[in-house]
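Q: Turn this into a model:
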Amino acid sequence: MKITRVEAIPFAIPYVKPLRFASGEVHEANHVLVRVHTDTGVVGVAEAPPRPFTYGETQAGIITVIDTIFAPAIVGLSLLEREVVASRMARTVGNPAAKSAVDMAIWDALGKSLGLPVGDLLGGFTDRMRVSHMLGFAEPVKMVAEAEKMVDTYGIRTFKVKVGRHPVTLDTAVVRALRERFGDEIELYVDGNRGWTAAESARAMKEMSDLDLLFAEELCDAADVMGRRWLVEQLDVPFIADESVPTPADVTREILGRSATAISIKTARTGFTTSRRTHHLAEGLGIPVVMGNQIDGQVGTACALAFGSAFELTSRYAGELSNFLDMSDDLLTEPLQIRDGHLHRSTAPGIGFEIDPDKLEHFRTDNN
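A: From the prediction side, this is the model:
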């Protein structure tokens, strides 16, 4: 079970509509498919979604760091030496999506080699997760219509509403329209992607105080240390730290510093190995966890599902597992299916998906 080769394959799949939020917008999934080959012929697969406006990674950068730094450092190691892999990749600063994809591809190869699902190897708490859906910037009527479609078509009843625009009433009006349309039939929470100041965030949360929000996420920048602490102290809902906690050390800083009271775990950012550390830390601190989404395709969503369903804490709330619905196509032979508001993880060995070679050939952009 030794690693013999690591591939980084760029591909591009258009979104049905642009996804807009406070920190940027995306029109196309310019992702990287990572494949880890072994001496037994088993190949592990994962996906790296670059988010330059959040973590500074680009598609080209992910490919370069994997080809020139990570692959040479880990070829020859066993699939069981995941801590050695993590240690060697940690020598390079940043590059969270690249590191995470390599890590998850190794876990996928390990599961396939052992004939076991990765979800079971990680913890095996449940075989499914409730799904929440992200609603990006649009007019209230359009966002309500999208929510209606998600409820009627997929049974989804938890919605993460992107906020952070100016004036704040643009977003508070959307959240109010959603609550008025659905009443208590749905769960709602808001994510500002650092788009507001602490004062604007406080004003917006006061305007939405009667809307029974589940969480508030990254409303203002963690760099405003005192402002964010001031904001969190006056909220009556958990405040989720997301892009401000890319490492377990960051989680510790934000939670003990009282700048957050909950966290988002994204396997696209911390893989499986570091996500386990983050989960155990959150469990010890007694804080809520939401499984987040880095606008993943179906490969990345299957990874998040495998991890989220492995533990009680990460499966307690609906996970952000539906962004692939906004893509015009994907790479899997058998697409993921959301039914009755849930995604069920595969019982197949590994993470539990297969790549369609024809689709990969069609969407890859390296002309190989």
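Q: Give the phi and psi angles for K17, as a check.
A: Main-chain torsions, K17, degrees, to the nearest 10: phi -150, psi 150.
Q: same thing with A98?
A: The phi and psi torsions at A98 (degrees, to the nearest 10) take the values phi -60, psi -50.
Q: which ones are touching it?
A: The neighbours of A98, taking Cβ atoms under 8 Å, 6 or more residues apart in numbering as the test, are 8, 32, 34, 48, 57, 61-62, 65-66, 70. Where C-beta positions appear, they are placed from N, C-alpha and C, glycine not excepted.
Q: Show me those that map onto strands.
A: Those of the contacts of A98 mapping onto strands are 8, 32, 34, 48, per DSSP state E.
Q: sorry, back to before: separate out the buried members of the contacts of A98.
A: By neighbour count, with 16 or more other Cβ atoms under 10 Å, those hold 8, 32, 34, 48, 57, 61-62, 65-66, 70 as buried.
Q: which helices and strands sit right next to the one helix or strand M134 maps to?
A: Assigned by DSSP states H and E, M134 belongs to strand 128-135. Judged by 3 or more Cβ pairs under 8 Å, 6 or more residues apart in numbering; DSSP states H and E, strand 128-135 is in contact with helix 140-154, strand 158-162, strand 319-320, strand 342-344.
Q: so which of these is the most packed in?
A: Most buried of the helices and strands packed on strand 128-135, by mean neighbour count (mean count of other Cβ atoms under 10 Å): strand 319-320, with a mean of 26.
Q: need the contact list for the nearest residue to G119 once chain neighbours are set aside.
A: The shortest distance from G119 to any non-neighbouring residue, by Cβ to Cβ, 6 or more residues apart in numbering, is to A306 (4.3 Å). Contact analysis of A306 by Cβ under 8 Å, 6+ apart lists 117-119, 122, 272, 345, 351-352.
Q: rerun that using 7 Å as the cut-off
A: A306 is in contact with 118-119, 122, 345, 351-352, counting by Cβ atoms under 7 Å, 6 or more residues apart in numbering.
Q: Any quick PyMOL command for the buried ones out of these?
A: Here is the PyMOL command that picks out the buried ones among the contacts of A306, judged by 16+ other Cβ under 10 Å:
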select buried, resi 118+119+122+345+351+352
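Q: now, among the contacts of A306, which is nearest to A222?
A: The closest of the contacts of A306 to A222 turns out to be L122 (Cβ to Cβ; 28.4 Å).
Q: nearest residue to the closest one other than its sequence neighbours?
A: Ranked by Cβ to Cβ, 6+ apart and with sequence neighbours excluded, the top spatial neighbour of L122 is A310, at 3.7 Å.
Q: and the residue most central in space within the chain, what does it touch?
A: Among the residues of the chain, the one closest to the centroid is N293, at 2.2 Å (Cα atoms, centre = their mean). By Cβ under 7 Å, 6+ apart, the contact list for N293 reads 266, 304, 320-321, 323.
Q: circling back to that earlier point, can you classify the residue nearest to G119 by secondary structure?
A: Following DSSP: H, G, I helix; E, B strand; the rest coil, the label given to A306 is helix.
Q: what are the ranges of the helices in this structure?
A: With DSSP state H as the criterion, the chain has helices at 59-65, 71-74, 82-90, 96-114, 118-122, 140-154, 169-182, 198-207, 225-234, 248-256, 267-270, 273-285, 298-308, 357-363.
Q: quick one: average pLDDT of stretch 100-115?
A: For stretch 100-115, mean pLDDT is 98.
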